[in-house]
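S.K.: Structure, please.
(chains A, B, C and D)
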Amino acid sequence: MSFEFGPVAACTVLLGLWMTGLTQLPSKLMLYALQTVTLGLLAIWVGKQHGEPALVAAGTAVALLKGVAVPVYLNRVVRRLGCRRDEGLLLAPPLLLFATAGALGALMLLHPFSRQIAPSALPTIGMLFIGMVLMVSRRLAVSQIIGFLVLENGIFFYTIAQPHSMPPVVELGVLMDILAGTMLAGLLTFRIRDSFEHIDVTELKQLRG
Amino acid sequence: MPPLSHLFLGAAALFWLVLPLAALFDGQHTHRRAWSALIGLGALTLLGAAVTVLYARPESLTLPLPFFLGTAPIAFHLDMLAAWFLAVIALSSGPAAFYLHDYMEHMKTRTDMRVFWTALPLLLLSMALVVLAANALTFLIAWEVMSLSSFLLVATDHRNASTRQAALVYLGATRVGTAFLAGGFLWAHALTGSWVFQNWHLAGVRALGPGLLLLTGLGVKAGMWPFHLWLPAAHPAAPSPVSALMSGVMVKTALYAIVRLFLFSRAFAHPAFGYILLILGSVSAVWGILFALIQEDIKRILAYSTVENVGLILIGIGGAISARFLGVAGAVQLGAAAALFQILNHALFKSLLFLGAGSVDLRTHTRDLTKLGGLGKRMPYTFGLFILGAAAICGLPPLNGFAAEWLLYQGSLHIAAQGTTPLLRCCGVLMIGQTALVGVLSLACYTRALGVAFQGRPRTRAAEEAKEASRGMLLAQGLLAAGCAGLGLAVPLALSILQRLVTPLAPNAVPLASVWTLPMPMLALLLVFTTGGIAMWMESAARRQPVRKFITWECGFGDLTPRMQVASGSFAQPIARMFSAFYRYAIHLHIDGVNRRLFPEEITVETKTGAVLETRIYHPLVRWVDRAGDWIVQMQAGSIHLYLLTMFGTLLLLLAIGGFTR
Amino acid sequence: MRFASILLLAFYLIHALTLPLLLAGVIQFSKSRFLNRQGPPLLQPFWDIAKLFSKGEIISETTTGVFRLAPIISIAVMLCTALMIPWLGVSAPLPGDLFLIIYLMAVEKFVTQLAALDAGSSFGALGASRKAAVSIAAEPAVVIALAALAAHAHSSSVSLFLATGPGSANLFVLLLVVAALWLAVTAELARMPVDDPTTHLELTMIHEALILENSGRNLALREFAAAIEMTVLFGLIARVLLMALPPFSPVTAYLLSLGLILAAGVALALMESILVKLRWRKIPSLLSFALTAGIIANLIVVLKG
Amino acid sequence: MNALLSLLLCPMLILVSALLSRRTSTLLRLSAVLMWVQMAVVLAVCVPRLGTHQTAPVVHGFRLDNTAALFAMLTTLIVAAALTHAVGFFLRETASEHAPSNRDLRMFYLFAALFYLSMVAVVAADNLGYLWISVEATTLLSAPLVYHHRSRTSLEATWKYLIICSVGIAFAFLGTAIFYAASQRVGAGTTGSLSLAYLVKHARLYSHSMLRLGFVFTLLGYGTKAGLFPLHSWLPDAHSEAPAPASAMLSGALLNCALVALWRTCSLMAAAGESRFVQITLLPMGAATVLAASLFLLKQRDLKRMLAYSSMENVGLIAVAAALGTSAGFALQAVNHSLVKAALFLLAGNLLQQYGTKTIQDIRGVLNAQPLQAVLLFVAAAAVAGSPPFGSFLAEWQILSTAADTRHIITVIVLCAALAIAFIALSMRIAGMVFGESPAKKKTAVSEAVPVFSTMVIPGILLTASLLLGVVLTSAAFTLAEGVAR
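M.R.: Residues are numbered from 1 along each chain as shown, chains lettered A, B, ... in the order given. Okay, the predicted model is just below:
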């Protein structure tokens, strides 16, 4: 079954990797949308293949809600906040891209579990890693939301890569939670802008010790 | 029909439980006299229980099911040993009750007294429960309640920053002790599968681990060197009746546990414990009295002297333990009897001394020897009672302290003469010499305390205006003093009780009654009659040729000022110099001026004693923990990126652990 | 039996009341002779005491009752001690015990020091402080030394461990004990080389500083108590020496003891004539010899038995 | 269905009233009353189910077994207590200068009701998927509670809380998915299941390495939510920035939910025979949490942060209990900690209002100013530090003795040391506040907020409950807690 997954999985991981090298938020969102829609379509396809209508429904929902609605919403947030560029922390994004790629390769090789759950888990781990990198390497609050969503995509990929998909109630519940979380985080972003006059989360350092 | 002692115990428990609750609601604490009386009454019930058990069979009592502690019931065991300690608690706390109401009067405006009157009965109750506990869990609960309530009592004068500090030092020390204690209990349980003390039979190497942990934990509470540091901090800070209880009784509960677990049962059977206690006891005794000798604060002197006495008691216990393993029955009996007797004695005279110091503190508002002086004329009864207490604690005959020290000497001599191994016999010799040394040192220590505080001329106005303590306070001290003197004379009676206690340890030993051959009552009579006779003769002579009073000789240079009297520091100086290695004692003399030798303009003399234990061991330990805190706080730097990274790192670590675990 | 014991009591009491003064006279006398002086008559101390007893007292107004009571207690205690030690060669009228005796003497020390502190004079306090310091070094030595004999006899009862006759400890032990006792006792009694009883320079002395405020009857009692203490302790040393010899008849033993006590007085006088006072800071090291001797004696007893 | 509906009713009413109510005081009082009604309902539903293990699901995926019943009651009690205390708290708050608007309060109650429901869902969930959804929901629904004050710091805390917990929980979802995948790989044609009962029943058949992997991810996820070291970073922020009633709920109820989730996965692992793996991973983490928290406690200057770290310390202990599989230790420690910590946070709220500061150094002389409050503080400090005769002592003792009996020597040593340090640190701070001279009265909050007896009622009741658990009701508590079997 992996031959069907392989290219798509590679595509999604590469999309994620590409995101690590970007500074413009709208383009990052675009890539994220692309990745999510791809995953959604993959889910639909797998669902069709296996005859699992629940997965088809879940894939559709993901593609529409997470892949279209969320990027649109975040795009609006970014536009209203008026900060489109995220310079990145520590490493400049292009350098980060190479570093992440290298680390990714190393991670794949070294991971002791990879044999057990390979190959479908490898893209998952990759996306988890990329999601973490995205969250850790950027300054803006919105970037962290995007990173989180990419991470979530990795997990979604894992669920569809299994022989049997998750129960639809669970899948939908998860989706709802993520949507709500994104909404909430988006709203908070405005609050951060109002209170701190920027959305640079590195400045949120008052609570310590 | 429950046995009589149960009735007494029930009454006591009721008393001690109802008292705190009642105290909480007596908002105005108008009934101080009533509280005092009730506490005295409660002490009597304890004494009653103790006495009934001393003359009856041991009894066990397990509380019904609702009071189950999950793994063990709340259970008590009342035997002779426990009864002895109950008597100690009662005899010391009963008189203190008379002292309380007058003494605590001055605290009324400083703090909310409800806390005090709640914590005090709780302390007494928990001390009794510690002694009665039949299993580790009951013991630990009572132990912790004891610690917490005594902490509250120490902190009574909490508006004073140094009191707060001292109370916290005490609380910290006691908690560390509890941690060790808990560790020991846990270990013992892991090895034996039981919480009941009577079921513990650990011998050989297995006994060492839990035993050492327990000894450490108990040593902290007992004030054993090197864990004694909280005593000189906490005792001066507490109100005097509380210091009396803590020093006289609470410290003994730890000794009780040591006696119970290491000597009177086979819970932890290993000769090493005997040697360890001997060594630590010896060091405690010498160290305690040496540091008592150089203190300026009267209550600190008493606190360090407690360390010394605990040391002596531990020597007795340690000697008995090692003698038991090497089969010297006589020494086992003597050592155990000496330790138990000294526990009772120390409760009496240390309470007496603390109460005396409390009277001084109350009337002069200082405990600093350098600010006292001349109190003997202003507080003659307190002075007299303090002398008696000091004489008793120095082991002067015919008072009770002597009897216990004599038993200790006899035990040591027994070991020295009849020990089964040369090493043990040498130990006996060293014990004799060491006890003698401690005796002389404590004599010097108390002479200094008495001389500087009570004799000579007042050094400050506060001391000059001191008044005699109130009648209630004197009565409390008088009762304790009577106890000291009475016990000194009624040694055979005490020994007959002790005999019943220690017989199981050494069934074949010569009875104590035949060991104690000293005719103390006769000696006392002789002394009294001789003294009285000569005194009467002197009086009659004085009537013929009246005694003339004049100023103290001042070498003809004019009026002596009180500042020219010996200071507490200078009295101790020759001795401090002799033991300068122990103290790291140093005198820094600095003379300044144009012609420094002949016409010095400024001379400063400073004596210093290095606090080796504090600076070399405890402070670094605390600093390490503190640094660990600093280090870990740095991790919580507020950066969300760092937090996320940590999380990711943890994930990798967990994955690695998962990957490499078979 | 009862009559005999009363007789013994009287015998000891008479000696305790007279011999000390005689010993003091002997010491004074022989010391003068050693110094090529005429010296006071042998019985001078009797006259001195008598004179003091007949005089009135001046006491400091700072003092409390302790000051008046202390010499009386000292005397009482010293008399009791004197009745417990077989210092006259024959067995003592009261059953004695090593540790009881030591602690009775401690009572004397305690009240003496308190009395010295009572007047609030700095001399008295200096004396008390030094007395305490010296006894800290000396008393353990005394205890340890005698404990060697007690350990040998398996008892601290005086009648047992000071018993003469076969089975008494070996000569070497006894000599060590005597040496230790001599050193410690002279220090305790504030004699040379620890204290010079003849100086009246307050800054150097111990005993004289202690009694600086005493006068008249009070002083007489103090001096008397000190003299009893010295005699009894010398008698004790004599007794230990006698243990080295084969048993004698009571009369011989008594005479020998008497002779030895007086001889000790002469020896002390000799010592005080040829020695100088030690520096204060050297005293602990001097007394450590006593302690060492005592410990060695013990080790011999303990390791042999 | 019946039982579930009855559980939903009162919170729904609160929700409705929060949406509709225009008068603040009505809303506050009504909610308090409704929560106690809810408490009665929960008791009626749960008490018959105590001591049972194999109950039928209430509704698909939810089951009120012993554990669920116990924790549902506890959660309800804590929320009811917090909301009752909140009446006076918010009324005084509205009288002060930083008065929350009516809208803010309505939001608070709206989310509090939902939050409560989500917590009940967590403890009752019998399906790993639902469990996950509920846990995530608790995060999302409690974030507005944390943000109640609308200050910069509370915003910061909320952001960190939301992001870190969401990321953590995401990992837990991966773990859940892996468990699910593991259940699919047994034999051909198994569609797999997320039902805990089903998983536990067949756990022995599953691939151990997959179970381990799943456990690692769930541990990370729920561990983050529970505040295990080093995943705790959000905890002190969120707990200290929330208003006192919310802090009480977060510390007293929410942490338990995460721990129950952990407990469920641990029981799954135990059923699979992988207890040792649980002990290798969770046990050191728990012990490290206790140690780290105690060191943090040593350095605290802020009252509520200190309490948060103390929660973390207790969480560590409970995690150790979970790793060792001692149900009595687990449940008792959770119950006692919830009671006491809720009381402490409510007391801290009182102090905050009276002194106008959270800085420990500025709070002095409570004993002289308000003896009763001081006594409660002291008692609470003793109780939370695990001193007898409070219930937490027995619970901690149970945990320690299990650890010692199973020869986890290092754990015992670390725990003993850490508990001692924590006790010392806590008592130092609390004593610093209780004792000493009261500061000269400032013009600010101190004088306005008169210490009212009513502010002590709820903490007093909670502490008394803890005391009773330690003295009288112990055996009953143990029997109940033992029932929280795997």
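S.K.: Could you use CA atoms for every contact and neighbour count after this?
M.R.: Noted.
S.K.: What about the closest residue to chain D within chain C, how many residues nearby?
M.R.: Closest approach of chain C to chain D (CA to the nearest CA) occurs at residue C:120, with a separation of 39.9 Å. For residue C:120, the count of nearby residues is 32 (other CA atoms under 10 Å in any protein chain shown).
S.K.: Would you mind giving the secondary structure of it?
M.R.: At residue C:120, secondary structure determined by DSSP: H, G, I helix; E, B strand; the rest coil is coil.
S.K.: That one reaches residue B:565, doesn't it?
M.R.: Yes. The pair residue C:120 / residue B:565 is scored as a contact, 5.7 Å apart, by CA atoms under 8 Å.
S.K.: which neighbours do those two share?
M.R.: Between them, residue C:120 and residue B:565 share these contacting residues under CA atoms under 8 Å, 6 or more residues apart in numbering or on different chains: B:456, B:457.
S.K.: Can you give me the buried ones in stretch B:187-198?
M.R.: By 16 or more other CA atoms under 10 Å in any protein chain shown, the buried positions in stretch B:187-198 come out as B:187, B:188, B:189, B:190, B:191, B:192, B:194, B:195, B:196, B:197.
S.K.: Can you pull the residues of chain D lying near chain A?
M.R.: D:129-130, D:133, D:136-137, D:140, D:151-153, D:155-157, D:159, D:162-163, D:166-167, D:170, D:173-174, D:177, D:180-181, D:184, D:191-192, D:209-210, D:213, D:237, D:296, D:299-300 (CA under 8 Å from any CA of the partner chain).
S.K.: What subset of those residues is buried?
M.R.: Burial by neighbour count, judged by 16+ other CA under 10 Å, picks out D:129-130, D:133, D:136-137, D:140, D:152-153, D:155-157, D:159, D:162-163, D:166-167, D:170, D:173-174, D:177, D:180-181, D:184, D:191-192, D:209-210, D:213, D:237, D:296, D:299-300 from the residues of chain D next to chain A.
S.K.: what does the model give the residue of the stretch 201-305 of chain C at minimum distance from chain A for pLDDT?
M.R.: Here the residue of the stretch 201-305 of chain C nearest chain A is residue C:281; by CA to the nearest CA that distance is 56.7 Å. The pLDDT attached to residue C:281 in the predicted structure is 82.
S.K.: Tell me how many other residues crowd it.
M.R.: Using other CA under 10 Å, residue C:281 has 11 other residues around it.
S.K.: and the gap between it and residue C:142?
M.R.: Distance, residue C:281 to residue C:142, using CA to CA, to the nearest Å: 20 Å.
S.K.: Residue B:70 now?
M.R.: For residue B:70, the distance to residue C:142 equals 59 Å [CA to CA].
S.K.: Looking at those two, which has the bigger crowd around it?
M.R.: Residue environment comparison for residue B:70 versus residue C:142 gives the larger neighbour count to residue C:142, 26 against 22, counting by other CA under 10 Å.
S.K.: Please name the spatially closest residue to the more buried one (chain neighbours excluded).
M.R.: For residue C:142, ignoring the flanking residues on the chain, the nearest one in space by CA to CA, 6 or more residues apart in numbering or on different chains is residue C:181 at 5.7 Å.
S.K.: who's in contact with the one you found?
M.R.: With contacts defined as CA under 8 Å, 6+ apart, residue C:181 is in contact with C:141, C:142, C:145, C:237, C:290.
S.K.: the bottom helix or strand of the chain by mean pLDDT?
M.R.: All of this is about chain A. Ranked by mean pLDDT, DSSP states H and E, the helix or strand of chain A with the weakest confidence is helix A:114-117, at a mean of 55.
S.K.: Please refer instead to chain B.
M.R.: Within chain B, judged by mean pLDDT, DSSP H and E, the helix or strand with the poorest mean is helix B:4-25; its value is a mean of 72.
S.K.: Need the residues that contact that helix.
M.R.: Surrounding helix B:4-25, the residues in contact under the criterion CA under 8 Å, 6+ apart are B:29, B:35, B:38, B:42-43, B:45-46, B:48-50, B:52-53, B:114-115, B:117-122, B:124-125.
S.K.: Ok, stretch C:81-100 next?
M.R.: Contacts of stretch C:81-100 from elsewhere in the structure, counted by CA under 8 Å, 6+ apart, are B:397, B:406, B:409, B:518, C:5, C:8-9, C:12-13, C:16, C:101, C:104-105, C:143, C:146, C:156-159, C:228, C:232-236, C:238-239, C:250, C:253-258.
S.K.: What is the end-to-end distance of it?
M.R.: The first-to-last residue distance of stretch C:81-100 comes to 9 Å (CA to CA).
S.K.: Kindly report the same for stretch C:208-224.
M.R.: Using CA to CA, one end of stretch C:208-224 lies 14 Å from the other.
S.K.: next one: stretch B:456-467
M.R.: From its first residue to its last, stretch B:456-467 covers 16 Å (CA to CA).
S.K.: which other helices and strands contact the longest helix along chain B?
M.R.: Determined from DSSP state H, the single longest helix within chain B is helix B:329-364. Helices and strands touching helix B:329-364, as assessed by 3 or more CA pairs under 8 Å, 6 or more residues apart in numbering or on different chains; DSSP states H and E, comprise helix B:80-103, helix B:240-245, helix B:298-325, helix B:380-393, helix B:400-418, helix B:461-464, helix B:471-489, helix B:491-502.
S.K.: what's the weakest-modelled helix or strand in chain D?
M.R.: Within chain D, judged by mean pLDDT, DSSP H and E, the helix or strand with the poorest mean is helix D:445-448; its value is a mean of 46.
S.K.: does any part of the helix or strand following that helix sit near chain B?
M.R.: Using DSSP states H and E, the helix or strand that directly follows helix D:445-448 along the chain is helix D:454-471. Yes. Using CA under 8 Å from any CA, helix D:454-471 reaches chain B at D:470, D:471.
S.K.: How many neighbouring residues does the residue lying closest to residue D:211 once chain neighbours are set aside have?
M.R.: Spatially, and ignoring its direct neighbours in sequence, residue D:211 is nearest to residue D:179 (6.1 Å; CA to CA, 6+ apart). Look at residue D:179: counted by other CA under 10 Å, it has 28 neighbours.
S.K.: tell me the centre residue of chain A?
M.R.: residue A:150 (0.7 Å; CA atoms, centre = their mean).
S.K.: wait, isn't that residue in contact with residue A:128?
M.R.: Yes. The pair residue A:150 and residue A:128 qualifies as a contact (CA under 8 Å) at a distance of 7.4 Å.
S.K.: ok so, going back, next up, phi/psi of the residue nearest to residue C:142, please.
M.R.: Dihedral angles of residue C:181 (phi, psi; degrees, to the nearest 10) stand at phi -60, psi -40.
S.K.: Quick check: it vs residue A:62, distance?
M.R.: Looking at residue C:181 against residue A:62, where the rule is CA to CA, the gap reads 103 Å.
S.K.: So for residue 75, what's the nearest residue that isn't a sequence neighbour?
M.R.: All of this refers to chain A. In this structure, residue A:75 finds its nearest non-sequential neighbour in residue A:26, 6.3 Å apart by CA to CA, 6+ apart.
S.K.: nope, chain C
M.R.: Counting by CA to CA, 6+ apart, the residue nearest residue C:75 is residue C:225, at 4.9 Å.
S.K.: Many thanks, we can stop here.
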